[in-house]
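Q: the following comprises the amino acid sequence and a computationally predicted model.
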Amino acid sequence: MTREEKDGKLLMIHSSCFNQELIRILRKKVAGELLPNWRVYPQSNLHGNAAIHPSEAFLGNCSQERNSCFFTLHESKFEDMRATETNWRNFQRREIYDNEPNNKSTLMGWVTTLFFNDPEFGKNKMEEENENRRILNEVFGESSSEYDGEEEELQTFELDSTGNSLKWEQIKEIKGLWLCKDFLSLEQQSSLLLAIENEGWFTEDSRNQAMRFGDLPVWATKLGNYIRETVLLGDIESCHLIKEEESCPMPSHLLWREPLFDQLIVNVYQPGEGICAHVDLMRFEDGIAIISLESSCVMHFTRGDSDTCCIENRDKKEAPQLKIPILLTSGSLILMCGEARYLWKHEINRKPGVQLWGGQEIDQQKRTSVTLRKLCQPE
Ligand SMILES: O=C(O)CCC(=O)C(=O)O
Ligand SMILES: [Fe+2]
């Protein structure tokens, strides 16, 4: 165990004006540059948000009584912060400001660190630790490698954030549809396929679909967390939409729900097999993710209600239905929110002659997809 893991440092970020911009700053500047191994998570039972070291040691209360060290960050001081990470015990308070060069900067929040090996702080009672761990598990799913039973599964699927931004493409014809082409590296794709294989769901050829509700396998929870990170860190291609909520692959009210996903479908398609045009059932909330593995395919989107298709076409008889093709390559992720989720049907027709891209027919092999959704809460 490294010193860092033993220390169980917890970095807590507080903000009264929590928004996407703050999260981006945190991800890029705090988690990405200063502490490359730290992750930013939402914190449902504390105010603001917390960045937690991957060892995800313990969850502590943020209070003066518990001897926490306060500091705040200022954009111009990041270099300085990197150099003086060990000085955080100095109880300095530094603040996070937005980064508008021409405007007066506004305070966006502040950061607190807790050092669990601090002699004063380290007198942790066992009970308290267990309770803290329970809360962590509830919020993030079990993730600590200290749990014996998970060891094997953890080894088969790791999604360590590189802290790098991945490119997101907004599909301009379909509001709420975003594509992240390089979501998973080749290595990550193989380890995800291995994790799926290890579930033993598809040992019989006749089975081509597996579903899980509620507690998802660890690898699926990790996948969900990684989706969240990728959205937060995302390199978003210049957008034609100006409204804040529409300029992000997942609106914040969906991105920060807990859990992000609690329903999983793995579909396996043999060449020629696909899925009919449909809108996903209303029992699922908004915000649906599909990860594609193995053979590429073209997914077609058509308006669910053709009457509302295009205003210009409404009066014309037999107006051609708008059909938008999206190429889903292996390792890609699409996110469907809002109109893309509710007003557009999606389908994969892998019959010969239909899977065309760039004027060429796609060479079809086996395709696997992972769909992650959140069940609606019962009324
Ligand atoms: O396999 C896919 O890519 C799509 C799956 C899908 O749309 C669904 O399960 O509802
Ligand atoms: Fe679907």
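A: That came through, no problem. Numbers count the residues shown, from 1 in each chain. Ligands and ions are numbered 1, 2, ... in the order given.

Q: near ligand 1, which residues of the chain?
A: Taking C-beta under 6 Å from any ligand atom as the contact definition, the chain meets ligand 1 at Ile265, Asn267, Ile275, Asp280, Ile290, His346, Ile348, Ser369, Thr371. No exception for glycine: its C-beta is placed from N, CA and C like everyone else's.

Q: out of the residues you listed, which is most surrounded?
A: His346 (25 neighbours; other C-beta atoms under 10 Å).

Q: domain map for the protein?
A: Per the record, the chain has its domains at 3-140, 167-373, by automatic domain parsing.

Q: lowest-confidence stretch among those domains?
A: Averaging pLDDT over each of these singles out domain 3-140 as the lowest, with a mean of 40.

Q: on that earlier part again, make CSV from the residues of the chain next to ligand 1 and add distance to Ile236 and secondary structure to it.
A: Written out in CSV, the entries for those read as follows (distance: C-beta to C-beta, whole Å; DSSP: H, G, I helix; E, B strand; the rest coil):
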residue, distance to Ile236, secondary structure
Ile265, 27, strand
Asn267, 28, strand
Ile275, 28, strand
Asp280, 24, coil
Ile290, 19, strand
His346, 22, strand
Ile348, 26, strand
Ser369, 24, strand
Thr371, 23, strand
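
Q: and the residues you listed, which is closest to ligand 1?
A: Ranked by distance to ligand 1 (C-beta to the nearest ligand atom), those are led by Ser369 at 3.3 Å.

Q: which residues does the closest one contact?
A: With contact taken as C-beta atoms under 8 Å, 6 or more residues apart in numbering, Ser369 is in contact with Val266, Asn267, Tyr269, Ile290, Ile291, Ser292, Leu293, Leu328.

Q: phi, psi of the fifth one?
A: Pointing back at Ile291 there. When read as degrees, to the nearest 10, the backbone of Ile291 gives phi -110, psi 130.

Q: could you give the bridge partners of it?
A: In this structure, Ile291 bridges to Leu333, Val370 when assessed by DSSP bridges.

Q: check contacts around it.
A: For Ile291, the residues meeting the contact criterion (C-beta under 8 Å, 6+ apart) are Phe183, Leu184, Leu192, Leu223, Gly331, Ser332, Leu333, Ser369, Val370, Thr371, Leu372.

Q: and for the third one, the neighbour number?
A: Looking back up the chat, that one is Leu192. The burial count for Leu192: 23, using other C-beta under 10 Å.

Q: hang on, it packs against Leu223?
A: Yes. Using C-beta atoms under 8 Å as the test, Leu192 is close enough to Leu223 to be in contact (7.2 Å).

Q: find residues that contact each of these two.
A: With contacts taken as C-beta under 8 Å, 6+ apart, Leu192 and Leu223 have Ile291, Val370 as neighbours in common.

Q: chain neighbours aside, what residue packs nearest to the closest residue to ligand 1 within the stretch 101-250 of the chain?
A: Distance from ligand 1 to each residue of the stretch 101-250 of the chain (C-beta to the nearest ligand atom) is smallest for Gln209, at 8.0 Å. Nearest in space to Gln209, with sequence neighbours left out and distances taken as C-beta to C-beta, 6 or more residues apart in numbering, is Asn267 at 5.4 Å.

Q: ok, now Ile196?
A: Closest residue to Ile196 apart from its sequence neighbours, by C-beta to C-beta, 6+ apart: Val266 at 5.8 Å.
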